[in-house]
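S.K.: A structural model of the following input is requested.
(one chain, ligands or ions: 1)
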Amino acid sequence: MTLEAIRYRSGSLQILNQLLLPHETVYEDIRTVQDGYDAIKSMKVRGAPAIAIVGCLSLGVELRAGAGGDDPVTFIRESLCHLTSARPTAVNMGRAARELMEFSENESMEKSGKPLRDSVIGWIEEMLERDVGDNRKIGNFGAQHILSGVPRDSVTILTHCNTGSLATAGYGTALGVVRSLHSLGRLKRVYCTETRPYNQGARLTAYEAVAEGFPATLITDSMAALTMREKGITAVVVGADRVVANGDTANKIGTYQLAIAAKHHGIPFYVAAPSTSCDLSLESGRHIVIEQRPAEELTSINGVPVAAPGIEVWNPAFDVTPHQLITGGIITELGVFLPSELQAALTGRLTAL
Ligand SMILES: CSC[C@H]1O[C@H](OP(=O)(O)O)[C@H](O)[C@@H]1O
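M.R.: Model (predicted):
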């Protein structure tokens, strides 16, 4: 049973409020672009692919209600710009916005034989379907690649943050690899880090793993290196918010130190991400904008203060892992590639073996 972060049925949109998980399962209506922006900004919905999907679907829902009057193109442009500003590090929303804006400006009644609104809504729904299919390919390519190194045994995976059904359109990226390994009967265990301060691991990945019956163990972020030394980790597999041209990858804070620990222990380190999470316009990770989140997300848990009042806080939501530490490869829906092969793979000049 994959959990539904997003419910989109006959034009109505609901999101699962992930701030309340795992204790409460509450779906909230998204009727406008502003509803979508607020849900993304507050992290009621999160995960690079899910952010793009909810952002675009919120535009579709408001368009279906007639928004934009006799100038829908302006409404579409302003809405996409607003939605992209909600969270700057993940590339998916910005990419979808650029592509949808280009489509909207080039589409016309003469071309499609139907109102622009209908064409745009159709484009958004096709994006949703494509994401669903791509995620499953990521899971399968990643599982095959990891198993190719251990032909008979089951494997033990360490993962970070949440990259499953609650972060995507369904199958997941890094957790999709875990899902594929489990479905093949080859997952010995997955260790998931709690992922402070939002606790995506403890609250979301653990929730998904229990719901799906994965053999899973929750660890604190500070236990990751010891777990690599003591627990026979076969591979570390994480998601991505933005993979740039040289393979440097922005992902949830704490990913960089996992990569360093994996290198020290000789454990292959994989990034699992759809091509829509890749940004070839940036040469290296030093150009990636890192979102800074509110201090309260670190100084309190569920509204209960856990830090000394008055302490200053640094709360970057992401860090950048240099491509040299991504030793297993970058798992995409096109195949698994070394960082140095990524540009050729994404521009169609290289296909997976
Ligand atoms: C497939 S989700 C990718 C990525 O998004 C998460 O960040 P957040 O929970 O802040 O949206 C995390 O970095 C995942 O790896």
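S.K.: now residue 241: closest residue in space, sequence neighbours ignored.
M.R.: Closest residue to residue 241 apart from its sequence neighbours, by C-beta to C-beta, 6 or more residues apart in numbering: residue 90 at 4.0 Å. Where you see a C-beta, it was placed from the backbone N, CA and C, and this is true even at glycine.
S.K.: that neighbour in helix, strand or coil?
M.R.: Look at residue 90: counting by DSSP: H, G, I helix; E, B strand; the rest coil, its state is coil.
S.K.: right, and it touches residue 249 too?
M.R.: No: with contacts counted by C-beta atoms under 8 Å, residue 90 stays clear of residue 249, the gap being 11.6 Å.
S.K.: from the ligand, how far off is residue 225?
M.R.: Counting by C-beta to the nearest ligand atom, to the nearest Å, the gap from residue 225 to the ligand is 19 Å.
S.K.: residues in contact with that residue?
M.R.: Contact analysis of residue 225 by C-beta atoms under 8 Å, 6 or more residues apart in numbering lists 261, 264-265.
S.K.: could you tell me which of those count as buried?
M.R.: Buried members of those, scored by 16 or more other C-beta atoms under 10 Å, are residue 261.
S.K.: could you single out the nearest of the contacts of residue 225 to the ligand?
M.R.: residue 261 (17.1 Å; C-beta to the nearest ligand atom).
S.K.: and for the closest one, nearest residue in space, chain neighbours not counted?
M.R.: Per C-beta to C-beta, 6+ apart, closest to residue 261 is residue 225, 4.1 Å.
S.K.: am I right that the one you found sits in a helix?
M.R.: Yes: with three-state DSSP as the criterion, residue 225 is located in a helix.
S.K.: can I get the contacts of residue 225 in TSV including secondary structure and pLDDT?
M.R.: TSV is the format used below for the contacts of residue 225 (DSSP: H, G, I helix; E, B strand; the rest coil; pLDDT from 0 to 100):
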residue	secondary structure	pLDDT
261	helix	98
264	helix	98
265	coil	98
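S.K.: save the contacts of residue 225 as TSV, and put in distance to the ligand too.
M.R.: Below are the contacts of residue 225 laid out as TSV (distance: C-beta to the nearest ligand atom, whole Å):
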residue	distance to the ligand
261	17
264	22
265	21
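S.K.: in the stretch 1-150 of the chain, which spans are helices?
M.R.: Using DSSP state H, counting those that start in this stretch, the helices found in the stretch 1-150 of the chain span residues 33-41, 48-64, 72-84, 92-106, 109-112, 116-148.
S.K.: just the ones you listed: most buried one?
M.R.: Sort the helices of the stretch 1-150 of the chain by mean neighbour count, taking mean count of other C-beta atoms under 10 Å, and helix 48-64 sits at the top with a mean of 26.
S.K.: check which helices and strands that one sits against.
M.R.: strand 6-9, strand 12-16, strand 27-30, helix 33-41, helix 72-84, helix 92-106, helix 116-148 (3 or more C-beta pairs under 8 Å, 6 or more residues apart in numbering; DSSP states H and E).
S.K.: out of these, flag the one nearest residue 52.
M.R.: helix 92-106 (3.7 Å; C-beta to C-beta).
S.K.: neighbouring contacts of the closest one?
M.R.: 40, 48-49, 51-52, 55-56, 59, 72-73, 76-77, 80-81, 83-84, 86-87, 116, 119-120, 123-124, 127, 276-277, 279.
S.K.: which ones, among these, also lie beside the ligand?
M.R.: 48-49 (C-beta under 6 Å from any ligand atom).
S.K.: kindly report the residues of the stretch 1-150 of the chain close to the ligand.
M.R.: Residues of the stretch 1-150 of the chain lying near the ligand (C-beta under 6 Å from any ligand atom): 46-49.
S.K.: now do 8 Å
M.R.: 43, 46-51, 87, 90 (C-beta under 8 Å from any ligand atom).
S.K.: tell me the contacts of the spatially closest residue to residue 49 that is not a sequence neighbour?
M.R.: Distances taken as C-beta to C-beta, 6+ apart put residue 168 closest to residue 49, at 4.4 Å, once the chain neighbours are dropped. Going by C-beta under 8 Å, 6+ apart, residue 168 touches 5, 47, 49-50, 131, 135, 176.
S.K.: want to throw those residues into TSV with pLDDT?
M.R.: Output for the contacts of residue 168, formatted as TSV (pLDDT from 0 to 100):
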residue	pLDDT
5	93
47	97
49	96
50	97
131	89
135	91
176	97
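S.K.: got those as CSV, with distance to residue 233 columns?
M.R.: Shown next, in CSV, are the contacts of residue 168 (distance: C-beta to C-beta, whole Å):
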residue, distance to residue 233
5, 27
47, 23
49, 26
50, 27
131, 29
135, 23
176, 19
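S.K.: any idea which of the residues you listed is closest to residue 150?
M.R.: residue 176 (19.1 Å).
S.K.: excluding chain neighbours, give the residue nearest to that closest one in space.
M.R.: Per C-beta to C-beta, 6+ apart, closest to residue 176 is residue 139, 3.4 Å.
S.K.: my guess is that neighbour contacts residue 170, does it?
M.R.: No: judged on C-beta under 8 Å, residue 139 makes no contact with residue 170 at a distance of 10.5 Å.
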